[in-house]
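Chemist: Predicted model follows, preceded by the sequence.
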Amino acid sequence: MNGKRAVIIGGSVGGLFAGNYLVRRGWEVDILEIAPENLASRGQGIARHAELEDLLDQLDVPRGMSGGIDVTGRTAFDRTGAIISRFELDQQLCAWNQIYLSLFERFPRAHYHGGHIFTRLETHDDVTTVHTSKGRSFEADVVIGADGFRSAVRQIVAPEIQPEYAGYVAWRGVSQEAKLSDTFRRNIFDHYAFLFMSGSQLIGYPIDGANGSQAPGERRYTYLWYHPAPDAVLADILTDASGKTYEYGIPPHLMRPEHAETVRENAHREMPENFHEAVMRADSTTVQPIYDVDNDHVAFGNIALIGDAAFVARPHVGVGVLKAGQDALALANALAECENIPEAMARYEAERLPAGKRAVAHARNLGAFIQRGLDSPMDDPSLNLPPERVIKVSGRPVEHMIEQGL
Ligand SMILES: Cc1cc2nc3c(=O)[nH]c(=O)nc-3n(C[C@H](O)[C@H](O)[C@H](O)COP(=O)(O)OP(=O)(O)OC[C@H]3O[C@@H](n4cnc5c(N)ncnc54)[C@H](O)[C@@H]3O)c2cc1C
């Protein structure tokens, strides 16, 4: 199918993976992205997997080029701050923007259209015309919705699928290593840490410095604290100082400062002392409401959904970037190897629909105790989540977990 055209809505990691894979398979690709500038200044940390390296290898991203801090395992801490379990696993943790930039730099700049909001599309004789807010239109044989969890493309092809709030949020922040105490740096910094508290859970780990440096003293520490937030509390968090409520997520600079203050107070009250700094010394506090997006289809005629537009698994599984890349590769391979677009779309859906469903189910299980207001995941033995298992099965590809019988 060389010479075919694809238009991708969404220029974050999913859209860029798909764009790069398709360009290398001879497709002409345009990416439309709301943000006028590249997204590199946003984003915090992600855990890398061997599977993610394989995806980057296919785009000739030299290993190490996209950064990363090596850790040798995961450590579980109890609510007193004592170590209760350890799982040896070599892994690399890196800043989200390192992955994003490796992909952005490889995609032909003239075909990345920042500042273009996708508005509508229409199809005639197998060709779809995609319109943007700037009055431009692009013709495509295939349209890819890579426009994240509130996907406008999904609204058109599957309007019944809506994000479901899980009843808790992830507070996030990043601290400069140089601002952390020697005690924190000695006892906590190098751990990929899972802290089990009453009704909540914190994950913390080191990532590259803002300039990409992995040198001691120049790195950063990121945390993600899953914390209950009933609907009314969430609505308040998502309301800015002028009284405007943002339905699915508030831009970080508009969150009222008292919420960050509450997070710090809660940290003082609920966290063991050795972890306070992760929260107290963070440069800023942001919030991510936790949603599930489950789905029954990812291909609709010549339109495919990938990444978070297709499925959102709560961050406990830590495979958002990986899944977006795997979706993109499966779609690009199907389009390159099948005789025609309908066949390629059917193959893509058969491959990736089950994977998306498995990730959502696994993530729901990992977060169920917070959603249900339990004190600890062990309060319900049917969840099968003792700390030693949580640290093994979180943040790892679901297929791998199944293969290992976990
Ligand atoms: C700025 C940013 C920072 C992130 N930081 C992290 C992180 O630190 N750690 C982590 O694990 N995950 C992070 N994520 C999420 C992670 O990228 C996703 O979970 C996952 O990788 C799936 O990516 P995606 O490309 O499918 O969706 P997303 O990354 O959500 O990207 C969707 C893109 O579509 C664009 N878009 C939406 N609607 C339209 C429209 N109508 N027209 C044009 N464009 C549109 C959005 O602006 C966005 O760039 C971040 C996402 C973003 C956008």
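Modeler: Perfect, I can see it now.

Chemist: Apart from its chain neighbours, what residue comes closest to the closest residue to the ligand within the stretch 101-250 of the chain?
Modeler: As assessed by CB to the nearest ligand atom, the ligand sits closest to residue 148 within the stretch 101-250 of the chain, at 2.9 Å. Bear in mind the C-beta positions are built from the backbone N, C-alpha and C, glycine included. Leaving aside its chain neighbours, residue 148 sits nearest to residue 308 (4.7 Å; criterion: CB to CB, 6 or more residues apart in numbering).

Chemist: how much space between that neighbour and residue 250?
Modeler: 18 Å (CB to CB, to the nearest Å).

Chemist: For the two, work out which one has more neighbours and name it.
Modeler: Neighbour count, other CB atoms under 10 Å: between residue 308 and residue 250, residue 308 has more, with 28 against 20.

Chemist: which residues does the more buried one contact?
Modeler: 14, 148-149, 151, 293, 320, 324 (CB atoms under 8 Å, 6 or more residues apart in numbering).

Chemist: can you redo the residues you listed as TSV with pLDDT and secondary structure?
Modeler: Putting those into TSV (pLDDT from 0 to 100; DSSP: H, G, I helix; E, B strand; the rest coil) gives the following:
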residue	pLDDT	secondary structure
14	98	helix
148	96	coil
149	94	coil
151	97	coil
293	97	strand
320	92	helix
324	97	helix
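
Chemist: Just among these, which is most surrounded?
Modeler: Neighbour counts for the contacts of residue 308 (other CB under 10 Å) peak at residue 14, which has 29 neighbours.

Chemist: Grab the nearest non-local neighbour of that one.
Modeler: residue 307 (2.9 Å).

Chemist: Quick check: the one you found vs residue 322, distance?
Modeler: 10 Å.

Chemist: what about those two, which has more around it?
Modeler: Between residue 307 and residue 322, residue 307 has the larger neighbour count (other CB under 10 Å), namely 30 against 24.

Chemist: I'd say the more buried one and residue 13 touch.
Modeler: Yes - Residue 307 is in contact with residue 13 according to CB atoms under 8 Å; the separation is 7.2 Å.

Chemist: Pull up the overlap in contacts between these two.
Modeler: Counting by CB under 8 Å, 6+ apart, the shared contacts of residue 307 and residue 13 are residue 324.

Chemist: Check the secondary structure at residue 171 for me.
Modeler: strand (DSSP: H, G, I helix; E, B strand; the rest coil).
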